[in-house]
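Novice: Got a predicted model here, sequence first, then my questions.
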Amino acid sequence: MGWTISEKGKDRCSSNGTYIFLKSQHQMNNHCPSDLIPVQNNMIISFVNYELRVQLEDKSAADIERETVNQNENFAQWDEEWKRMAGAHANAPIATEEPKPVVEEAKVAEPVAVV
């Protein structure tokens, strides 16, 4: 089980290669462009806490169609769940009064006898 990267509607990789974009934390913080990484079969891209293993698979048109239908069904289901959650929050009660600050009176400490 893992991630699938595909070129939509195509049954094989492009003749000029398949690439992924990766961005480091430094690149994100400094708004730098992503690195363009060419992927090859059985390639391993290592990171500090994990690694990506690339396996290119040839798929038939029927495989692609079946996966596309499954993906569209999942996206539709997630969309309905998000709408349901957003609707539940839309009906939540809204406070109409400003919150009152909590004020505690300071008590003077009683003197302690030092022996």
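Specialist: Yep, it's here.
Novice: strands paired with the helix-or-strand element of the chain with minimal mean pLDDT, and their directions?
Specialist: Across the helices and strands of the chain, mean confidence by mean pLDDT, DSSP states H and E is lowest for strand 18-22: a mean of 78. With DSSP bridges as the test, strand 18-22 is paired with strand 35-39 (antiparallel).
Novice: Buried ones in the strand it pairs with, by neighbour count?
Specialist: Neighbour counts using 16 or more other Cβ atoms under 10 Å place V39 of strand 35-39 among the buried residues. Quick note: C-beta positions are derived from backbone N, CA and C, even for glycine.
Novice: Assess the claim that N41 and L56 are in contact.
Specialist: Yes. Here N41 reaches L56: they are 4.4 Å apart, a contact under Cβ atoms under 8 Å.
Novice: who does the longest helix belonging to the chain touch, helix- and strand-wise?
Specialist: When the chain is parsed with DSSP state H, its longest helix is helix 61-90. Using 3 or more Cβ pairs under 8 Å, 6 or more residues apart in numbering; DSSP states H and E, no helix or strand is in contact with helix 61-90.
Novice: Can you give the distance of stretch 93-113 from its chain's centre?
Specialist: 42 Å (Cα atoms, centre = their mean, to the nearest Å).
Novice: Stretch 53-67 too?
Specialist: Worked out by Cα atoms, centre = their mean, stretch 53-67 lies 23 Å from the chain centre.
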